[in-house]
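Student: next input, structure requested:
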Amino acid sequence: MEKFQQLPGLQFDPRLLLHGQQYIEIYKPFPSSGCIQNRTTVAGLHDKGKAAIMEIETTSYEESGELLCMNRMTIYLRGAGGFSKSSPPYSYSKYPANQVLHAKIPKCQPFAVYEDCTHQSQACSICISVVYIERGNSYFTRIALIYRLSGDYNPLHSDPKIAEIAGFSRPILHGLCTLGFAVRAIIKCVCNGEPTMVKSILGRFLLHVYPGETLITEMWLEGSRVLYQTKVKERNRTVLSGYVVLDRLTSSL
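Tutor: Below you'll find the predicted structure:
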């Protein structure tokens, strides 16, 4: 989060930062070991009046210079909008408009449904185990103490006071963790457990998830795309939707 605070000319309260969307393109399987170089640029900036949307694109390379993957993260900055003086409001993107396709969730019955439960000790999509300690009516976590090693310093996922200021009853799950659950469900149900079938991923974060809640992922086949939506069972609310593009389909499908 610190890298966003260092952007000149963009003023916002970091406590109100939300992860809105994640787009991933995978070009080759990751090696089991080695060094990866990341190059980050601003891919988009949009004035939404009461908020600003910033898109951060990171391309990852092997030591040889070969491209491994691309991640584009969409950040929703509450209170940072209204900086445009022209009409219509300022909007900039450096990538093709057709790169991220619209995902309309069908109204028919899903091809597959997968249920999985998060844990109060959940840290992130790579499932680092940490401990929740309950003291009275408050929850204190060690989530950030471990996940900070990845560079994510957002206290929204670890500090109960910051979570309350942001409008949540307690720290919320990382959006990438929810996305990880959904993609894993698709790999299990559609890819026969073969992750190398995944070519690209789009996830739109619609609502927060609290650690410990149950996630139900519904899937529909649309050509080489798997459309999906993920709901929280306890609240019956859709928290995530998007699609996964496969480079092939299994013969069983």
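
Student: ok, residues contacting the helix ranked longest in the chain?
Tutor: Ranked by number of residues, the top helix in the chain under DSSP state H is helix 175-189. Helix 175-189 is contacted from outside by 19, 22, 112, 114, 116, 118, 122-127, 193-195, 197-198, 201, 203, 205, 209, 215, 217, 219, 226, 228, 230, 239-240, 242, 244, using CB atoms under 8 Å, 6 or more residues apart in numbering. For glycine as for every other residue, the C-beta is placed from the backbone atoms N, C-alpha and C.

Student: in PyMOL, how would I select just the buried ones from those?
Tutor: PyMOL command restricting those to the buried ones, with burial defined by 16 or more other CB atoms under 10 Å:
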select buried, resi 19+22+112+114+118+122+123+124+125+197+198+201+203+205+209+215+217+219+226+228+230+239+240+242+244
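
Student: in helices, which of the contacts of helix 175-189 fall?
Tutor: Using DSSP H, none of these sit in helices.

Student: show me what counts as buried in the longest helix of the chain.
Tutor: 175-187, 189.

Student: of these, closest to residue 37?
Tutor: residue 176 (20.7 Å; CB to CB).

Student: dump the C-alpha coordinates for stretch 110-117 into PDB.
Tutor: Provided in PDB are the C-alpha atoms of stretch 110-117 (Å, rounded to 0.1, in the frame of the first residue of the first chain):
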ATOM      1  CA  PRO A 110     -24.700 -23.900 -13.200                       C
ATOM      2  CA  PHE A 111     -22.500 -26.600 -14.700                       C
ATOM      3  CA  ALA A 112     -20.800 -27.200 -11.400                       C
ATOM      4  CA  VAL A 113     -21.000 -26.000  -7.800                       C
ATOM      5  CA  TYR A 114     -18.200 -26.200  -5.200                       C
ATOM      6  CA  GLU A 115     -18.400 -25.300  -1.500                       C
ATOM      7  CA  ASP A 116     -15.400 -24.500   0.600                       C
ATOM      8  CA  CYS A 117     -14.900 -22.900   4.000                       C
END
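
Student: so what's the residue count around the closest residue to residue 13 other than its chain neighbours?
Tutor: Nearest residue to residue 13 in three dimensions, chain neighbours excluded: residue 79, at 5.7 Å (CB to CB, 6 or more residues apart in numbering). Using other CB atoms under 10 Å, residue 79 has 13 neighbouring residues.

Student: residues in contact with residue 79?
Tutor: Per CB under 8 Å, 6+ apart, neighbours of residue 79: 12-13, 16, 50-51.

Student: re earlier: okay if I get the buried residues of helix 175-189 as JSON lines plus distance to residue 40 and pLDDT?
Tutor: JSON lines is the format used below for the buried residues of helix 175-189 (distance: CB to CB, whole Å; pLDDT from 0 to 100):
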{"residue": "175", "distance to residue 40": "18", "pLDDT": "88"}
{"residue": "176", "distance to residue 40": "16", "pLDDT": "87"}
{"residue": "177", "distance to residue 40": "21", "pLDDT": "86"}
{"residue": "178", "distance to residue 40": "23", "pLDDT": "91"}
{"residue": "179", "distance to residue 40": "19", "pLDDT": "94"}
{"residue": "180", "distance to residue 40": "21", "pLDDT": "91"}
{"residue": "181", "distance to residue 40": "26", "pLDDT": "93"}
{"residue": "182", "distance to residue 40": "25", "pLDDT": "96"}
{"residue": "183", "distance to residue 40": "22", "pLDDT": "96"}
{"residue": "184", "distance to residue 40": "26", "pLDDT": "95"}
{"residue": "185", "distance to residue 40": "29", "pLDDT": "97"}
{"residue": "186", "distance to residue 40": "27", "pLDDT": "96"}
{"residue": "187", "distance to residue 40": "27", "pLDDT": "95"}
{"residue": "189", "distance to residue 40": "33", "pLDDT": "96"}
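
Student: next one: phi and psi at residue 194?
Tutor: For residue 194, the backbone dihedrals are phi -100, psi 100 (criterion: degrees, to the nearest 10).
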